[in-house]
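>>> How does the following fold in three dimensions:
(one chain, ligands or ions: 1)
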Amino acid sequence: MKIVVIGPGAMGCLFAALLTESGQDVLLFDHLPDRAAFLAREGLRVEGVSGDRRVRLPVSINPADARAAELVLVCVKAYHTRAAITNIGPGLSIQARVMTLQNGVGNVEVLSEVCGPDRVLGGVTSHGATVLGPGHVRHAGTGETIIGAVGHVPESFLNQTADIFTAAGFQTSVADKVDSLIWSKLIVNVGINPLAAITRLKNGQLLDYPGTERIMEQAVAEALAVTAARGVELIFPDPLAHVKHVARATAGNTASMLQDVLAGRQTEIDNINGAIVAHGRELNIPTPVNETLTGLVKTIEMNYLNQK
Ligand code: PAF
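Here you go, the predicted model:
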């Protein structure tokens with residue numbers, strides 16, 4: 001399959017490298033000319049649970065090179081989704097489909113608005129990856145990937161995509177309700193990401209301290225109230241137990257939001273805890289803990305972004 005991966009961050013590099021290795025025709029799309037030239041020259045370096053190697057693949061900054069894509073995998077940060085798909089989307093063939101496995105809510109909505117829901121696939125992945133340098137990632141952990149159609153994507157395309165991802169090392173299944181998948185992962189990110197970003201603890205350590213564990217429980221409880229009021233059915237019978245399970249299963253991981261803070265980048269707080277606050281307001285559900293976490297992460301972020 002002709003696959004374009006947008007964004008050479010942790011997940012983008014991981015998916016681009018493993019899909020290339022498994023024989024897919026992958027193009028990595030970047031918006032920074034110097035970095036793209038470096039990646040085209042040096043390839044991607046992957047180390048960690050799937051082994052250490054360098055993977056060479058074409059890299060482009062030119063939307064015209066994405067024209068032949070059958071699948072576009074959007075791996076940029078949530079706040080860049082609109083710019084990324086607006087850049088590439090208009091040049092894509094009408095048969096091309098776009099897929100998000102990004103953290104947070106709002107990405108499916110943006111892709112559907114720009115490309116039409118019948119061309120959009122959404123989902124979640126439990127694979128963990130950390131950027132160690134440009135095009136250099138540590139594959140920190142494996143887990144399941146679940147995808148689904150937002151609009152009327154043919155089942156054959158969904159199954160073909162799941163098979164291709166599975167063959168590349170991302171064990172992938174197909175589910176019915178994309179909203180359920182995305183909100184179930186959102187709950188995990190709500191409980192882990194801001195606490196990691198604020199305390200600078202690794203995921204597993206968040207459960208070592210009564211303070212962080214308690215705040216995690218409160219933030220998740222608020223998110224569950226919002227989720228229930230929205231009528232979204234979660235895929236885990238005990239979501240809080242699942243959040244704690246993920247924290248333990250990814251104990252050694254530096255959560256993506258902490259990676260952002262350490263790199264002085266904007267975080268995805270608005271699409272994670274900030275989204276719980278926004279939806280809570282609409283539904284008249286108080287979310288004071290998520291509001292506090294959002295305020296703290298935004299303060300940390302503004303402090304370093306203002307210094308740039
Ligand atoms: O954002 C992240 O880092 C990941 O989604 C997760 C599951 C919290 C593991 O680090």
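>>> show me what contacts the closest residue to the ligand within the stretch 201-308 of the chain?
Relative to the ligand, the nearest point of the stretch 201-308 of the chain is Ser256 (3.4 Å; C-beta to the nearest ligand atom). C-beta: built from backbone N, CA, C; applies to glycine. Shown in contact with Ser256 (C-beta atoms under 8 Å, 6 or more residues apart in numbering): 10, 103, 193, 268.
>>> Go ahead and confirm the third one touches Asp260.
No: between Asn193 and Asp260 there is no contact, the gap being 9.2 Å when judged by C-beta atoms under 8 Å.
>>> Tally up the residues packed near Pro134, please.
17 (other C-beta atoms under 10 Å).
>>> That one and Ala241: what is the separation?
Distance, Pro134 to Ala241, using C-beta to C-beta, to the nearest Å: 38 Å.
>>> Just give the nearest non-adjacent residue to Lys177, would you?
Gly148 (6.5 Å; C-beta to C-beta, 6 or more residues apart in numbering).
>>> Now do the one you found against the ligand, distance only.
18 Å (C-beta to the nearest ligand atom, to the nearest Å).
>>> do Ile85 as well
21 Å.
>>> tell me which element that residue is part of?
Ile85 belongs to helix 81-88 when assigned by DSSP states H and E.
>>> starting at the chain centroid, how far to that helix?
16 Å (C-alpha atoms, centre = their mean, to the nearest Å).
>>> What lies in contact with the helix or strand following that helix?
Tracing the chain past helix 81-88, the next element assigned as helix or strand by DSSP H and E is strand 97-100. Outside strand 97-100, the residues that touch it by C-beta under 8 Å, 6+ apart are 70-74, 81, 85, 89, 92, 107-108, 111, 115, 119-123, 147, 153, 157, 161.
>>> sec struct for the residue most central in space within the chain, please.
Closest to where the C-alpha atoms of the chain average out (C-alpha atoms, centre = their mean) is Gln102, at 2.3 Å. Following DSSP: H, G, I helix; E, B strand; the rest coil, the label given to Gln102 is coil.
>>> confidence score at it?
Note on Gln102: pLDDT of 98.
>>> Please apply the same query to Ala249.
pLDDT, read off for Ala249, is 89.
>>> next one: the one 10 residues further on
On pLDDT, Gln259 comes in at 95.
>>> burial measure for it, as a count.
20.
>>> Over to the one 5 residues further on?
For Gly264, the number of neighbouring residues by other C-beta under 10 Å comes to 12.
>>> picking that back up, between Asn193 and Asp260, what contacts are shared?
267-268.
>>> And these two? Which one has more around it.
Neighbour tally, Asn193 and Asp260, criterion other C-beta under 10 Å: the higher count belongs to Asn193, 27 against 22.
>>> Can you tell me the SS state at the more buried one?
On the basis of three-state DSSP, Asn193 is classed as helix.
>>> can you pull the contacts of it?
Per C-beta under 8 Å, 6+ apart, neighbours of Asn193: 103, 255-258, 267-269, 272-273.
>>> cutoff 7 Å now
255-257, 272 (C-beta atoms under 7 Å, 6 or more residues apart in numbering).
>>> Among those, which ones are in helices?
Among the contacts of Asn193, DSSP state H puts 256-257 in helices.
>>> Out of the contacts of Asn193, flag the one nearest to Phe29.
Ser256 (20.0 Å; C-beta to C-beta).
>>> Do you have the helices of the stretch 101-250 of the chain handy? List them.
For the stretch 101-250 of the chain, the helices defined by DSSP state H, counting those that start in this stretch cover 107-115, 155-167, 178-199, 210-230, 239-249.
>>> Next, see if the fourth one gets close to the ligand.
No: Helix 210-230 lies out of reach of the ligand by C-beta under 6 Å from any ligand atom, never closer than 11.4 Å.
>>> do the first one as well
No: contact between helix 107-115 and the ligand is absent, the nearest approach being 13.5 Å (criterion: C-beta under 6 Å from any ligand atom).
>>> Get me the contact residues on the stretch 1-150 of the chain for the ligand.
103, 128.
>>> Low-confidence stretches in the stretch 1-150 of the chain?
Along the stretch 1-150 of the chain, no part satisfies pLDDT under 70.
>>> mind redoing it with 90?
Residue ranges of the stretch 1-150 of the chain with pLDDT under 90: 89, 128, 141-143.
>>> Repeat that for the stretch 201-308 of the chain.
For the stretch 201-308 of the chain, applying pLDDT under 90 flags the ranges 249-250, 252-253, 307-308.
>>> who wins for neighbours among the contacts of Asn193?
That'd be Ile272 among the contacts of Asn193, by other C-beta under 10 Å, with 32 neighbours.
>>> number of nearby residues for the residue of the stretch 51-200 of the chain found nearest the ligand?
Here the stretch 51-200 of the chain gets closest to the ligand at one residue, Ile192, 4.3 Å apart by C-beta to the nearest ligand atom. Ile192 has 30 neighbours, counted by other C-beta under 10 Å.
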